[in-house]
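1. just to be clear, the model below is a prediction. Sequence and coordinates:
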Amino acid sequence: MTRLIKLFLALFLPLIAGCAAYSPSKNIIGQDRTALVADMGQPEREYAVDGLQVLHFPRGPAGSHTYFVYLDSNDRVMKWEQVLTEDRFGAILPGMTKDQVISNLGTTKITNGLARNRGYVWHYRYDTPHCNSFVIEFTSEDTVRSAGIRKRSGRKCKFVGAG
């Protein structure tokens, strides 16, 4: 083995090994919370619903995937799902609160304010061949004013599914 390869392995292998998994796999079913966090990293958000703990794991700098992992009363993984889907987007309706949106989709990193303090907009990129985003307009009182799928264009379009 050349010196360059040995140097690369010595410097970067520990970094690669220490990275959290991008997405869950079927192997996490039954894992305890400690093993889950070791695999996936710290969740962005956690709360209880109907006796289950729900942990949010958004991925990518622009959030093309967000995984919800559900823990049972013994702190073991019951199931997981990728929530940035058109089915879930269809459940976002005018009048919903910001907390209800977060419970359905998680948060996003792409936000914009509206002029004259009329509210703000959240953009959810998601994995689609059509270069779409799901966009939610909130009022200044943190309720959904409107929501829908919008076509992205230009440079932003080529990053779909990559983060």
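-> Nice, I can see it. Residues are numbered from 1 along each chain as shown.
2. switch to C-alpha atoms for all contacts and neighbour counts from now on
-> OK.
3. all strands for this structure, in order.
-> In the chain, the strands defined using DSSP state E lie at 45-49, 52-59, 65-71, 77-82, 110-113, 120-125, 132-138, 144-151.
4. list the neighbouring strands of the second one plus their orientation.
-> Which is strand 52-59. Taking DSSP bridges as the criterion, strand 52-59 sits next to strand 45-49 (antiparallel), strand 65-71 (antiparallel) in its sheet.
5. most packed of the strands of the chain?
-> For the strands of the chain, the largest average neighbour count (mean count of other CA atoms under 10 Å) is found in strand 65-71, namely a mean of 24.
6. what angle do that strand and strand 77-82 make?
-> Following axes from the mean of the first three to the mean of the last three CA atoms, to 10 degrees, one obtains 160 degrees for the angle between strand 65-71 and strand 77-82.
7. mind listing residues that contact strand 65-71?
-> By CA atoms under 8 Å, 6 or more residues apart in numbering, the surrounding residues in contact with strand 65-71 are 23-24, 33, 52-59, 77-84, 105-106, 126-127, 161, 163.
8. likewise stretch 126-140?
-> 63-65, 84-85, 89, 98, 117-125, 144-153, 157-158, 160-161.
9. straight-line length of it, end to end?
-> Using CA to CA, to the nearest Å, one end of stretch 126-140 lies 25 Å from the other.
10. how far off centre is it?
-> Taking the mean of its C-alpha atoms, stretch 126-140 sits 13 Å from the chain's own mean (CA atoms, centre = their mean, to the nearest Å).
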